[in-house]
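**Student:** after the sequence you'll find the predicted model.
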Amino acid sequence: MKTTQVTDGVYRLSANVHDILFEGFWPIPNGVALNSYVVKGEKCAIIDGVCNWDGVPETLFAQLDQMQVRLEDIDYVVINHMEPDHSGWLEAFRTLRPQFTVYCSERAKPLLEAFYGIVDNVQTVKSGDTLDLGNGRVLAFEDIPNVHWPETMATYDTKSKTLFPCDAFGSFGAVSDDAPYDDTLQEEHIEFFEREMERYYANIVTAYSAPTKKAIEKVDALDVRIIAPGHGIVWRRDPHRVIRDYKRLSSYAEGPARPEVAVIWGSMYGMTEQMVRPVVDAIEAEGVPTHVHRVPESGLSFVLESVLKSSGVVLGTPTYEYKMFPPMAAVVDELGKKRIQNRICLRFGSYGWSGGAQRELDEINGRLKMNWRFIEPVEFKGRPRETDIELAKERARELARAVKQWVLAESRVH
Ligand SMILES: Cc1cc2nc3c(=O)[nH]c(=O)nc-3n(C[C@H](O)[C@H](O)[C@H](O)COP(=O)(O)O)c2cc1C
Ligand SMILES: [Fe+2]
Ligand SMILES: [Fe+2]
């Protein structure tokens, strides 16, 4: 990987990772970039880290070489966020360069000890504190707790007005060293990263949408010219574009999101499946786009993204041992844990003798305080009859109209 210059005295070091599940869980078919930044005044600071996921930091050291920064030139390591995708290289770094001071938040300090046994030369900082690197370059720190761990902070270079927000304003997607900046990318490539951002947000950040909104307010109060996140591209031409993207995504969790419907369905013997196409067609005939996923075939990562973006949800699930089809129960449970609230939802599904799927859905909705509003479900014994299909289509149209009205009403308020 090549080191690139972000602006005078600020350099980007980065590694792309492909062949892993992010957080051991989320597929990244287009990879992900792990970014780190070196800021030079009289003294040198490195912000965030690049690890090869397995914690091997050679990639980082090779990139320092390229910008003729020797390890001994680095006096300060700024740890914005302790998650090992950013801090995993620290231990190896310390064996090569023992004399440096870590700047981190108060809440990061015990994590530094717990993860890497680092207790010496740790300077804790809070919002408003600064680090003077000399030559007129001063780093200012801003706590942004819970974006994404409780200890997270952002760093702001007051000279170049560059914000280093770590996970915030990040995205999935490997980044080319030849064009890591919005001003060096074609519009279609920027849009690619904005799409990758939606699944990244849905998988990694959405449970923390309230703290993310607070973080964005803090960022709004700064004069930010460049946003240099820990994942994804650097925004130099239009940092406000990614701020707007994150404002929109952080509002989706509480709803309404877009006037769209996520249709999630599962079926053992094809009975519930017979209702999927008519329901999808009825929704789309109302001019409302759908995102259709069969579970468990479609992974949770992609289902979460679709539900986050959509104001309406259809759950097609049969009854299984007096409850929902298990992969559907797992999806709904995760939606609740990710705090995707206030959706308008229609459920339909087949049962054999007792039913019970809806009871479990109501239970999860209440327990996880999802506050979803349910249109009356369409349940049928065995195979759906023509009258069942007609009823489901009617309720699907009702759902589509309710979604449109809700989004419209909210857009009038704002
Ligand atoms: C493993 C299994 C468990 C089931 N448990 C229930 C149940 O508890 N109550 C019920 O009414 N039907 C139950 N059924 C019947 C299904 O709900 C019924 O066959 C339905 O038509 C399946 O729809 P599908 O083909 O869309 O999966 C069960 C079926 C299977 C295979
Ligand atoms: Fe993180
Ligand atoms: Fe991260």
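**Tutor:** Yep, it's here. Small disclaimer: the values here were computed from a predicted structure and weren't measured. Ligands and ions are numbered 1, 2, ... in the order given.

**Student:** check contacts around residue 11.
**Tutor:** 3, 4, 5, 37, 38, 39, 40, 67, 69 (CB atoms under 8 Å, 6 or more residues apart in numbering). Bear in mind the C-beta positions are built from the backbone N, C-alpha and C, glycine included.

**Student:** from what I can see residue 375 touches residue 399, true?
**Tutor:** Yes - with contact defined as CB atoms under 8 Å, residue 375 reaches residue 399; the gap is 5.5 Å.

**Student:** shared neighbours of these two, which are they?
**Tutor:** 344, 345, 346.

**Student:** what would the residues you listed look like in TSV with distance to ligand 1?
**Tutor:** As requested, the shared contacts of residue 375 and residue 399 are exported to TSV (distance: CB to the nearest ligand atom, whole Å):
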residue	distance to ligand 1
344	23
345	18
346	16
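
**Student:** may I see those organised as a markdown table, with neighbour count and pLDDT added?
**Tutor:** Converted to a markdown table, the shared contacts of residue 375 and residue 399 look like this (neighbours: other CB atoms under 10 Å; pLDDT from 0 to 100):
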| residue | neighbour count | pLDDT |
| --- | --- | --- |
| 344 | 24 | 98 |
| 345 | 21 | 98 |
| 346 | 25 | 98 |
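
**Student:** out of these, who's near ligand 3?
**Tutor:** Applying CB under 5 Å from the ion to these, one finds that nothing falls near ligand 3.

**Student:** on that earlier part again, just the buried residues out of the contacts of residue 11, in PyMOL syntax.
**Tutor:** The buried residues among the contacts of residue 11 can be selected in PyMOL (16 or more other CB atoms under 10 Å) with this line:
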select buried, resi 3+4+37+38+39+40+69
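
**Student:** ok, the closest residue to residue 164 other than its chain neighbours to residue 265 distance?
**Tutor:** Of all residues not flanking residue 164 in the chain, residue 155 sits nearest, at 4.4 Å (CB to CB, 6 or more residues apart in numbering). As for residue 155, its distance to residue 265 is 45 Å (criterion: CB to CB, to the nearest Å).

**Student:** right, and the helix or strand after the helix or strand containing residue 313?
**Tutor:** If you go by DSSP states H and E, residue 313 is part of strand 310-316. For strand 310-316, the succeeding helix or strand toward the C-terminus, using DSSP H and E, is strand 319-320.

**Student:** packing partners of the next helix-or-strand element following that following strand?
**Tutor:** Past strand 319-320, further along toward the C-terminus, the next helix or strand under DSSP H and E is strand 323-324. Packing contacts for strand 323-324, counted by 3 or more CB pairs under 8 Å, 6 or more residues apart in numbering; DSSP states H and E, involve helix 357-367.

**Student:** give the pairing partners of whichever helix or strand comes after the helix it packs on; include direction for each.
**Tutor:** As assigned by DSSP H and E, the chain's next helix or strand after helix 357-367 is strand 373-381. Looking at strand 373-381 with DSSP bridges, its partner strands are strand 344-351 (parallel).
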